[in-house]
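Colleague: dropping the sequence and predicted coords here.
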Amino acid sequence: AQSVAQPEDQVNVAEGNPLTVKCTYSVSGNPYLFWYVQYPNRGLQFLLKYITGDNLVKGSYGFEAEFNKSQTSFHLKKPSALVSDSALYFCAVRDIPASSNTGKLIFGQGTTLQVKP
Amino acid sequence: NAGVTQTPKFQVLKTGQSMTLQCAQDMNHEYMSWYRQDPGMGLRLIHYSVGAGITDQGEVPNGYNVSRSTTEDFPLRLLSAAPSQTSVYFCASSYEGRGSASGNTIYFGEGSWLTVV
């Protein structure tokens, strides 16, 4: 069965320090991987995705993520955190790129990122 | 181009009442879906549609109905509301778009906060 795990409920970092939000996945085929961010009382905003190609994916707001097939991980990173990055982050996966699966994402439980000044 | 629009944003229902959450997208996406978000559980798929006239169940379909009479609209109906349906509901849309930078990205609405008392 497909699954996504975000092992940390909360990550705390100081402003200006690098940040990492962890994500591991389990799928039966080749994964499509996504990161979304949610600010309080708002919808989910797309950050970045891995479909194929370069394992290092760059996205919005200076975020990037590295696809590691051997470790089945897709950790979200940013070299220098901002207070405004504080939000809830979701990792999601779509299994096997079949048309019937389009629009069907499996989400992790979310990680709250707290960046302190 | 408004993206994905959900109404209402907030709603309080009494147990046993019925209601419809509206969702519309103006991006001509063939794929639309409904998710619910509950604390510590991420987002879970309720129902989805791969095109007008075609719908299917997701992970947590019980108590909800959907229909897709047009490409643009995908309403979610609660037939007889229960306190367990207190949640935040998100509508989303996407398209396959092979080779397109925006293909396979799922776009979310701003959410509908539903409380059943």
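Modeller: Cool, the structure landed. Numbering: from 1, shown residues only, chains lettered A, B, ... in the order given.

Colleague: next, the contact list for B:Thr5, please.
Modeller: Contacts for B:Thr5 (CB atoms under 8 Å, 6 or more residues apart in numbering or on different chains) come out as B:Cys23, B:Ala24, B:Gln25, B:Asp26, B:Gly109. C-beta here means a position set from N, CA and C on the backbone, and glycine is covered the same way.

Colleague: can I get the residues you listed in JSON lines including neighbour count?
Modeller: JSON lines is the format used below for these (neighbours: other CB atoms under 10 Å in any protein chain shown):
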{"residue": "B:Cys23", "neighbour count": "25"}
{"residue": "B:Ala24", "neighbour count": "19"}
{"residue": "B:Gln25", "neighbour count": "24"}
{"residue": "B:Asp26", "neighbour count": "13"}
{"residue": "B:Gly109", "neighbour count": "25"}
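
Colleague: nearest to chain A among those?
Modeller: Among these, B:Gly109 lies closest to chain A (CB to the nearest CB), at 5.5 Å.

Colleague: so what's that closest one up against?
Modeller: B:Gly109 neighbours (CB under 8 Å, 6+ apart): A:Gly43, B:Gly3, B:Val4, B:Thr5, B:Gln6, B:Cys23, B:Phe90, B:Cys91, B:Ala92.

Colleague: identify, from the residues you listed, the entry nearest to A:Ser70.
Modeller: Nearest to A:Ser70, judged by CB to CB, of the contacts of B:Gly109 is B:Ala92 at 30.8 Å.

Colleague: test of understanding: give the bridge partners of the closest one.
Modeller: Beta-bridge pairing for B:Ala92 (DSSP bridges): B:Ser33, B:Phe108.

Colleague: against B:Arg68, how distant is it?
Modeller: 14 Å (CB to CB, to the nearest Å).

Colleague: next one: B:Asp38
Modeller: 25 Å.

Colleague: start and end of stretch B:87-105, how far apart?
Modeller: 24 Å (CA to CA, to the nearest Å).

Colleague: one step back: restricted to strands, list the contacts of B:Thr5.
Modeller: B:Cys23, B:Ala24, B:Gln25 (DSSP state E).

Colleague: enumerate the residues of chain A near chain B.
Modeller: Within chain A, the positions near chain B by CB under 8 Å from any CB of the partner chain are A:4, A:9, A:32, A:34, A:36, A:41-46, A:49, A:51, A:90, A:92, A:94, A:97, A:99-100, A:102-105, A:107-110.

Colleague: about what we covered before: now pLDDT too, for the contacts of B:Gly109, in TSV please.
Modeller: Output for the contacts of B:Gly109, formatted as TSV (pLDDT from 0 to 100):
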residue	pLDDT
A:Gly43	88
B:Gly3	91
B:Val4	95
B:Thr5	96
B:Gln6	96
B:Cys23	98
B:Phe90	96
B:Cys91	96
B:Ala92	94
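
Colleague: ends of stretch B:89-104, what's the gap?
Modeller: Using CA to CA, the end-to-end distance of stretch B:89-104 comes to 21 Å.
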